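Trainee: pasted the sequence and its predicted model underneath.
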Amino acid sequence: MKRMLLPPGAMAKNAFVLLLLLAGVIAGAISLSIAASSAGIGGTSPDWQSLPFKGPGLLQLNISNPSEARATDGWGEIEFDKGAGREELLTPLQGVHEYKIILDISPEPIEYIPGAISIPYTDFLWNGTLKTAPEMAAILGGAGISQDDSVLIYGECQPCGGGPSAATYVYWIMKYLGHGNVSLLDGGMDDWVKAGEPTAAAALHLLPVNYTPRLKEDLLASYSFVKSGEAQIIDARGAAEFEAGSIPSSISIPYDRVLEGKKIKDDAALGRLFSSLDKSRPVVVYTNTGVKASMIWLALTLQGYDASIYSWRDWQANSASYIPGKT
């Protein structure tokens, strides 16, 4: 979810237009003719032209409870929802400083993007299992992140072989917690350095704040849902692990099949990879802990699938009928 800022005057004008449209629906028909020169709507206002715009989308103006509005230097907020496309999920290197918070999730980074804070992705896990929502919210709040901050995530786990899966997992965690304005850096620290950008030897430390999660529970699959057979199941582990034992009816698509080096493949390649899936049915992706499953989840999300994450460990813990070997 991207956010665009409009001055209070423009907010009032947009609210007025919405009220007129609502009156038109009630009456049955209405004809509106508002001159751009007098209303300041339609792209002629200098304030409007100064705003960043990356493509068509939906402007949403919430005026149901003005007392809950949050002002930023006299500007009101309008949420700009473009759907789960690449422009929302992946941010190029040159867009780094458009975000209030830059979050490095690497366990032991030796350098940072200047201004980045640090939360190792392993902080969200306990014995390989995802911590509870309140625990994860406390981690984010303790690092100085609130639920309304714009956040850009980057980093990798070098001891795990590198790659973007750790950053993608934290992105999924924040979406699960209901965070709207969050994105992944399209590239890693190697790309940042190669581009000649400066680095910092230490992370930034922010004052703790409150983080209030708004859970999107459908992003985390349950044992009962997986067992029900309603979803298509993808095993994103390696082929050897899949052969050693898997959830019944699951298909094997190793997580690295969606990657070209350390970046996610283009839409055409992803479309071919998922061509056997039914887009009208939900998809559950799992790996041992769910971390690397996030890569397939991200690719499915980019392709418009209803996808969620699960873990092999949870299946083993809950399935009384589990028998070692291919299932």
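Mentor: Done, it's in.

Trainee: ok, for residue 198, nearest residue in space, not its chain neighbours?
Mentor: Spatially, and ignoring its direct neighbours in sequence, residue 198 is nearest to residue 114 (5.7 Å; Cβ to Cβ, 6 or more residues apart in numbering). Any C-beta I mention is one placed from the backbone N, CA and C, and that applies to glycine too.

Trainee: equivalent analysis for residue 269, please.
Mentor: The nearest residue in space to residue 269 (Cβ to Cβ, 6+ apart) is residue 260, at 7.7 Å.

Trainee: tell me what that neighbour is bridged to.
Mentor: Beta-bridge pairing of residue 260 under DSSP bridges involves residue 263.

Trainee: distance of it relative to residue 234?
Mentor: 19 Å (Cβ to Cβ, to the nearest Å).

Trainee: just residue 123 next, same as before
Mentor: Residue 123 is 27 Å from residue 234, by Cβ to Cβ.

Trainee: if you count what's nearby, which of the two comes out ahead?
Mentor: Using other Cβ atoms under 10 Å, the more surrounded residue of residue 123 and residue 234 is residue 234, with 26 against 18.

Trainee: looks to me like the more buried one is in a strand.
Mentor: Yes. Counting by DSSP: H, G, I helix; E, B strand; the rest coil, residue 234 falls inside a strand.

Trainee: and it, what does it touch?
Mentor: Residue 234 makes contact with 250-253, 283-286, 293, 296, according to Cβ atoms under 8 Å, 6 or more residues apart in numbering.

Trainee: of those, closest to residue 239?
Mentor: Proximity of the contacts of residue 234 to residue 239 (Cβ to Cβ) peaks at residue 252, which lies at 6.2 Å.

Trainee: list phi and psi for that closest one.
Mentor: Here the main-chain torsion angles of residue 252 (degrees, to the nearest 10) amount to phi -100, psi 120.

Trainee: wait, it sits on residue 244?
Mentor: No. With contact defined as Cβ atoms under 8 Å, residue 252 does not reach residue 244; the gap is 11.6 Å.

Trainee: so the two - more neighbours on which side?
Mentor: residue 252 (15 against 12).

Trainee: and that one, how far is that from residue 316?
Mentor: According to Cβ to Cβ, residue 252 and residue 316 sit 18 Å apart.

Trainee: do residue 140 as well
Mentor: According to Cβ to Cβ, residue 140 stands 29 Å off from residue 316.

Trainee: give me the number of residues near residue 319?
Mentor: Residue 319, neighbours per other Cβ under 10 Å, totals 15.

Trainee: so what's it up against?
Mentor: Counting by Cβ under 8 Å, 6+ apart, residue 319 touches 223, 227.

Trainee: how about residue 109?
Mentor: Here residue 109 is in contact with 118, 155, 189, 203 (criterion: Cβ under 8 Å, 6+ apart).

Trainee: show me the residues you listed that map onto strands.
Mentor: Within the contacts of residue 109, residues falling in strands by DSSP state E are residue 118.

Trainee: in helices, which of the contacts of residue 109 appear?
Mentor: Secondary structure from DSSP state H places residue 189 of the contacts of residue 109 in helices.

Trainee: and which of the contacts of residue 109 is nearest residue 180?
Mentor: Set against residue 180, the nearest of the contacts of residue 109 by Cβ to Cβ is residue 155 (21.1 Å).

Trainee: spit out the contact partners of the closest one.
Mentor: Applying Cβ under 8 Å, 6+ apart, the residues near residue 155 are 103-106, 109, 121, 166-167, 188-189.

Trainee: and for residue 139?
Mentor: By Cβ under 8 Å, 6+ apart, the contact list for residue 139 reads 119, 123-124, 131.

Trainee: quick one: the residue nearest to residue 198 and residue 201 touch, right?
Mentor: No. The pair residue 114 / residue 201 is not scored as a contact, 10.0 Å apart, by Cβ under 8 Å.

Trainee: between these two, which has more neighbouring residues?
Mentor: A count of neighbours by other Cβ under 10 Å puts residue 114 above the other of residue 114 and residue 201, at 14 against 8.

Trainee: residue ranges in the protein under the pLDDT threshold?
Mentor: Counting by pLDDT under 70, the ranges of the chain that qualify are 1-84, 159, 320-327.

Trainee: which residues of the protein fall in helices?
Mentor: Here the chain has its helices, by DSSP H, at 8-27, 36-39, 46-49, 86-89, 133-142, 165-176, 189-194, 223-228, 239-244, 267-273, 293-302, 312-318.

Trainee: right, I'll call it a day here.
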